[in-house]
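Trainee: using only what follows, build the 3D model:
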Amino acid sequence: MARGRVVVTGASTGIGEATARRLAEEGFAVVATARRLARLRELARQIGCEFFPADLTDAGDVARLVGFLEEGEPVTALVDNAGGAIGLDSVADGDPADWLAMYEKNVLGTLRLTQALLPGLRRTGGDIVFVTSMAAHEAYPGGAGYTAAKHAERMIARTLRIELVGEPVRVIEVAPGMVKTEEFSLNRLGDGAKAQAVYAGVDGPLLAEDVADVIAWTLTRPTHVNIDLVRVMPRAQADARTLVRSADDDGTLPVSALATDE
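Mentor: Numbers count the residues shown, from 1 in each chain. Sure, this is the predicted structure:
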C-alpha cells in the first residue's frame with residue numbers, strides 16, 4: 001500500500017496485464033479484474049496481486065466487484081483499460097449488433113465501474129486513467145464503429161475532468177497507436193493470419209509494456225500534476241492511416257492505407 005490500491009481492468013491480457021505487472025513493480029497494491037478467472041489466478045501467482053473476475057458489461061458483475069473492493073483498503077486509482085474492437089466494416093455495411101457490443105465494452109463498461117468507484121475517490125483523493133486509443137482522436141475507413149465507441153469513451157474522460165476540477169481526483173487519458181499484443185487484432189479480425197498481417201513489416205510497433213510504462217509514469221507524478229492526455233505512437237506511425245512498413249523489393253517504403261490500432 002506504499003503507493004495505494006489500484007484497480008486494473010482488462011488485466012488478463014495485453015495492456016491491462018502489462019499494467020498490472022508494472023504497477024505491482026512500482027509498489028502499488030494491484031487488484032486485477034477481467035472475465036477469465038484462470039488467467040487472473042496465474043497473474044496473481046506471479047505478481048502477488050488481488051484479483052476478481054468480472055464482466056464489466058454486466059451490471060451485476062460490477063456490483064459484485066465493487067462489493068469485493070469495499071472489503072479491503074480504499075481504492076486510490078482506477079485504470080479503465082477494458083475494451084476492444086470488432087471488425088473493419090464500413091458505415092454502410094456495419095452490423096449494429098457489433099457497434100452495440102463495442103459501445104458496451106468501451107463505453108458503458110467503463111462508465112459503470114467509474115461511477116461506482118468515484119464517490120470513494122472523491123472522498124479520499126485518487127486517480128482515474130482512461131486507456132483510449134488513437135481511434136478516440138481520429139477517423140479512418142473501416143473503423144467507424146470502434147472510433148465511435150472510443151470517441152465516446154474519451155468524452156467521459158474529458159467531461160469528468162471538467163466536472164471534478166478542483167477536487168482531489170486526477171483524470172488522465174492515455175491514447176495508444178499501434179500496439180502489438182496477443183489478442184487485440186485477433187479478436188477484431190477473427191483470423192490469426194490476418195491479425196499477424198496487421199503488424200507485418202512494421203519496425204517497432206508499440207508493445208503492451210510500452211503503454212504500461214506511460215500509465216505508470218502518469219500515476220507516479222506529484223499529486224498536483226494532472227497528465228490530461230498522452231498520445232503514444234510507434235516511431236513508424238504518424239496517425240491512424242500513416243504507417244511505414246519495411247521496403248518492398250524495389251526499395252520503396254510503403255505507407256499503409258490502414259493502421260489497425262490498440
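Trainee: what residue lies at the spatial centre of the chain?
Mentor: N81 (3.0 Å; C-alpha atoms, centre = their mean).
Trainee: that one and I128 touch, don't they?
Mentor: No - with contact defined as C-beta atoms under 8 Å, N81 does not count as touching I128 (11.4 Å). In this view, the C-beta of every residue, glycine as well, is placed from N, C-alpha and C.
Trainee: one step back: any figure for the gap between the residue nearest to the centre of the chain and E71?
Mentor: Separation of N81 from E71 (C-beta to C-beta, to the nearest Å): 23 Å.
Trainee: with E50 instead?
Mentor: Distance of E50 to E71, given as C-beta to C-beta: 10 Å.
Trainee: more neighbours, these two?
Mentor: A count of neighbours by other C-beta atoms under 10 Å puts E50 above the other of E50 and E71, at 17 against 6.
Trainee: backbone dihedrals for the more buried one, please?
Mentor: For E50, the backbone dihedrals (degrees, to the nearest 10) come out as phi -80, psi 160.
Trainee: so what's it closest to, chain neighbours aside?
Mentor: Leaving aside its sequence neighbours, E50 sits nearest to V31 (C-beta to C-beta, 6 or more residues apart in numbering; 4.4 Å).
Trainee: the one you found pairs with what?
Mentor: Beta-bridge partners for V31, by DSSP bridges, are V7, E50.
Trainee: show me the contacts for it.
Mentor: By C-beta atoms under 8 Å, 6 or more residues apart in numbering, the contact set of V31 is 5-8, 49-52, 69, 72, 75.
Trainee: same check on T181?
Mentor: Each residue near T181 by C-beta under 8 Å, 6+ apart is listed here: 13-15, 207-208, 262.
Trainee: among those residues, which two are most distant?
Mentor: Greatest spatial distance among the contacts of T181 (C-beta to C-beta): T13 and L207, at 12.9 Å.
Trainee: my read: S90 touches G142, true?
Mentor: Yes - under the criterion of C-beta under 8 Å, S90 makes contact with G142 at 6.4 Å.
Trainee: higher neighbour count, the two?
Mentor: G142 (17 against 12).
Trainee: nearest residue to the more buried one other than its sequence neighbours?
Mentor: Excluding the flanking residues, the one nearest G142 by C-beta to C-beta, 6+ apart is L88, at 3.7 Å.
Trainee: same question, R64
Mentor: In space, R64 is closest to A54, 6.7 Å off (C-beta to C-beta, 6+ apart).
Trainee: and what of G204?
Mentor: P234 (5.4 Å).
Trainee: which SS state does that neighbour fall under?
Mentor: The three-state label given to P234 by DSSP: H, G, I helix; E, B strand; the rest coil is coil.
Trainee: quick one on the thing from earlier: can you give me the distance of the residue nearest to G142 to V7?
Mentor: Distance from L88 to V7, by C-beta to C-beta: 31 Å.
Trainee: then V91?
Mentor: 35 Å.
Trainee: remind me, longest strand of the chain?
Mentor: The single longest strand within the chain, with elements called by DSSP state E, is strand 169-176.
Trainee: hang on, the earlier thing: got phi/psi on the residue nearest to the centre of the chain?
Mentor: phi -110, psi -30.
Trainee: contact partners for it?
Mentor: N81 is in contact with 8-11, 15-16, 19, 129, 131, counting by C-beta under 8 Å, 6+ apart.
Trainee: which among these end up buried?
Mentor: 8-11, 15-16, 19, 129, 131 (16 or more other C-beta atoms under 10 Å).
Trainee: which stretches of the protein have low pLDDT?
Mentor: Within the chain, the ranges that satisfy pLDDT under 70 run 1, 183, 185-187, 189, 191, 195, 247-262.
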